[in-house]
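Trainee: how would this look folded up:
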Amino acid sequence: MSLEEKVSERVKLKVSVRDSGIGMTPEQTACLFQAFSQADTSTSRKYGGTGLGLSISKRLVELMGGEIWVDSKYGLGSTFLFTAWFGIGSPEPEHKCFIPDLAGVRALVIDDNTQAREILTDALRVFALRVDSVSSGEDAVQEIAAADSQDPYRLVLMDWHMPGMDGLEASRIIKRDNRLQHVPKIVMVTAFGREDVRTKAEEIGIDGYLLKPVNSSVLYDILVDLFGTPGLEAHLSRVKKDDTHVHDATGIRILLVEDNEMNQQVATELLQSAGAIVTVANHGGEAVKILTAGDQAPPFDVVFMDLQMPEMDGYTAARLIRAEPHLQGLPIIAMTAHALVEEYQRCLDAGMNDHVSKPIDPEALFLTLLRWAKPWREQAVESQATPIKAANDAILPEIAGVNQADGLKRVVGNKRLYRDLLVQFAAKQDNAAVRISTALEDGDLKLAERIAHTVKGVAGNLGIGQVFAAAEKLERAIHDAEAVDPVLLEGLTQVLSRQVQAIRQAMSEVTPDHQADDKRANNYDARAASEAIACLRALLESSDGDAVDAFLAVRNILGGTVERSRLDVLSRAISDFDFEKALLRLDEVAECVYPQQGRD
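Mentor: Numbering: from 1, shown residues only. Here you go, the predicted model:
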């Protein structure tokens with residue numbers, strides 16, 4: 001069993017089962033998962049069964065959002081494999097220790113035996129640690145001393161019995177090295193269960209002790225002991241009166257590199273709500289330009305880097321950033337929708353320090369952020385933190401297929417922003433399946449994959465689960481360069497169409513109707529209208545995202561006075577952040593209200 005992917009509160013597992021039976025030919029495997037199919041069809045067959053089992057298994061796996069297949073060679077046996085999505089259970093309340101995500105933590109393995117060194121290295125990499133290895137105590141001391149102070153070794157697995165400088169002596173030197181700003185936690189590893197070695201290790205200040213052979217379960221336990229924080233769950237679960245979690249990122253300067261406007265809004269709102277100062281770059285090339293302007297360290301504490309972007313992707317951007325000497329120590333955190341070990345390794349190879357998964361999990365996001373940057377507590381910092389602008393009184397209707405609790409968590413409870421994002425989703429992703437189909441017909445697999453990736457990411461952040469699952473499945477098929485099954489594209493088309501229709505229907509029910517428009521027309525306030533239009537115009541001219549809220553005020557005042565179609569066109573332009581077009585449409589609205597004065 002292996003972890004294929006982790007998304008928010010679900011994981012995709014891959015399970016394989018191998019047998020040493022008769023094996024099968026390609027012709028036999030082709031119909032294997034059909035009911036009442038037998039590989040051995042003779043009347044005296046040795047291997048019995050009704051043929052229903054694999055057919056039932058196939059249906060169960062598909063219901064769990066996975067796939068099932070077989071690798072087989074005639075006469076050599078078969079390996080059956082399947083994937084499936086599972087929910088992650090809630091932790092038991094009596095658990096007192098929390099182990100943080102150790103992805104990206106730097107570790108060093110020291111053992112003179114090559115095979116033992118490789119086994120320990122691989123065992124740590126299962127937990128997504130960045131692992132180096134050396135073969136002697138002398139090399140270990142030099143390697144740790146030479147490590148970058150901003151990216152030190154935090155964990156050392158030290159073999160005791162080595163020629164030359166043994167593990168005890170090497171550990172003593174490391175623990176007493178005053179030049180080290182960060183002394184790593186050292187775990188002594190030995191095949192000898194000698195109490196005298198344990199006693200000496202404890203005198204030196206060794207943090208843990210392991211007996212060979214080391215298995216994953218024992219290694220996990222030692223990681224919990226070393227890096228777990230008692231009572232941290234209680235800290236993380238502190239909530240305000242409005243049930244939103246409390247996070248502190250006061251003054252942390254963040255460069256957010258993300259090409260999708262809706263994802264930008266979600267991440268920015270979440271980070272700014274905790275006091276962070278956020279600057280947005282729309283793609284990797286823009287981020288490189290911002291960071292490499294001059295030879296001084298840029299005014300950022302950390303970079304959140306999306307991976308799949310047009311013009312320049314995150315991998316290329318990270319490599320170019322790391323090529324600059326003054327940017328070597330700047331933490332870069334990948335934002336990836338594929339929580340795969342292979343992709344995480346690609347991030348590390350490109351020079352990134354850590355990663356967070358999309359859709360964004362606020363707890364994981366802030367845990368990762370605070371691993372690389374700390375709040376500015378000692379001085380006053382002008383933060384861009386913004387209150388939830390009277391947004392919790394916004395009308396948010398129930399919508400089939402939308403997990404509002406999940407989506408609201410990512411925008412810190414801002415109902416108005418969340419409602420606007422749902423409207424934007426319906427407007428911008430309505431024809432996504434058509435665009436994917438066109439790209440596939442043109443042979444542009446890269447574009448088709450990117451569109452599917454965008455739909456998946458946005459749907460995941462908004463809690464639109466069925467669209468997320470359909471887009472994820474289609475994206476994976478395109479990425480694997482398979483002949484894309486038309487059923488997958490049709491599946492996304494249907495679920496996306498239903499979801500867009502459901503959002504529009506629900507939103508139309510809370511949009512002022514014609515009777516309300518007529519009522520407002522009878523109570524029309526010319527002065528209030530003039531002030532609202534002037535406010536909206538000023539925000540549009542400065543490309544301010546608050547124009548979304550200002551438009552609502554204009555619509556409430558002008559409903560029944562201006563044709564609804566004109567207001568709808570203005571609304572779409574603002575939702576698309578096409579402020580230039582929105583200004584033109586606002587002028588047309590103003591002409592309807594003040595035909596003699598126009599923009600005055």
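
Trainee: Tell me where the stretch 251-400 of the chain has helices.
Mentor: 261-273, 284-291, 314-322, 341-349, 362-372 (DSSP state H, counting those that start in this stretch).

Trainee: hang on, I meant the stretch 401-550 of the chain
Mentor: Under DSSP H, counting those that start in this stretch, the stretch 401-550 of the chain gives helices at 404-410, 415-428, 432-441, 445-462, 465-479, 486-510, 514-522, 526-541, 547-558.

Trainee: Where does pLDDT dip in the stretch 151-300 of the chain?
Mentor: For the stretch 151-300 of the chain, the stretches flagged by pLDDT under 70 are 191-196, 228-246.

Trainee: mind running it again at 50?
Mentor: For the stretch 151-300 of the chain, the stretches flagged by pLDDT under 50 are 231-245.

Trainee: same thing with the chain?
Mentor: By pLDDT under 50, the low-scoring segments of the chain are 37, 39, 43-45, 47-50, 92-98, 231-245, 378-391, 512-522, 596-600.

Trainee: Using the record's assignment, carve it into domains.
Mentor: 2-87, 97-230, 253-386, 404-510, 514-593 (automatic domain parsing).

Trainee: out of those, nearest to His247?
Mentor: Relative to His247, the nearest member of these by CB to CB is domain 253-386, separated by 4.0 Å. For glycine as for every other residue, the C-beta is placed from the backbone atoms N, C-alpha and C.

Trainee: returning to that earlier point: is it possible to get JSON lines of the helices of the stretch 401-550 of the chain that adds distance to Gly137 and mean neighbour count?
Mentor: Shown next, in JSON lines, are these (distance: least, CB to CB, whole Å; neighbours: other CB atoms under 10 Å):
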{"stretch": "helix 404-410", "distance to Gly137": "48", "mean neighbour count": "19"}
{"stretch": "helix 415-428", "distance to Gly137": "56", "mean neighbour count": "22"}
{"stretch": "helix 432-441", "distance to Gly137": "57", "mean neighbour count": "18"}
{"stretch": "helix 445-462", "distance to Gly137": "47", "mean neighbour count": "24"}
{"stretch": "helix 465-479", "distance to Gly137": "45", "mean neighbour count": "23"}
{"stretch": "helix 486-510", "distance to Gly137": "55", "mean neighbour count": "17"}
{"stretch": "helix 514-522", "distance to Gly137": "79", "mean neighbour count": "12"}
{"stretch": "helix 526-541", "distance to Gly137": "64", "mean neighbour count": "17"}
{"stretch": "helix 547-558", "distance to Gly137": "62", "mean neighbour count": "21"}
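
Trainee: Asp207: which of the helices of the stretch 251-400 of the chain is closest?
Mentor: Using CB to CB, the nearest of the helices of the stretch 251-400 of the chain to Asp207 is helix 362-372, at 19.1 Å.

Trainee: residue contacts, Ala170?
Mentor: By CB atoms under 8 Å, 6 or more residues apart in numbering, the contact set of Ala170 is Ile110, Gly137, Glu138, Ala140, Val141, Met158.

Trainee: Which one of the residues you listed is nearest to Phe82?
Mentor: Nearest to Phe82 among these, with distances taken as CB to CB, is Ile110, at 39.7 Å.

Trainee: Now do the closest one: how many residues are near it, please.
Mentor: 30 (other CB atoms under 10 Å).

Trainee: Could you name the specific helix or strand carrying the nearest residue to it once chain neighbours are set aside?
Mentor: Leaving out its chain neighbours, the residue that sits closest to Ile110 by CB to CB, 6 or more residues apart in numbering is Ala140, at 4.4 Å. Element membership of Ala140, judged by DSSP states H and E, is helix 137-146.
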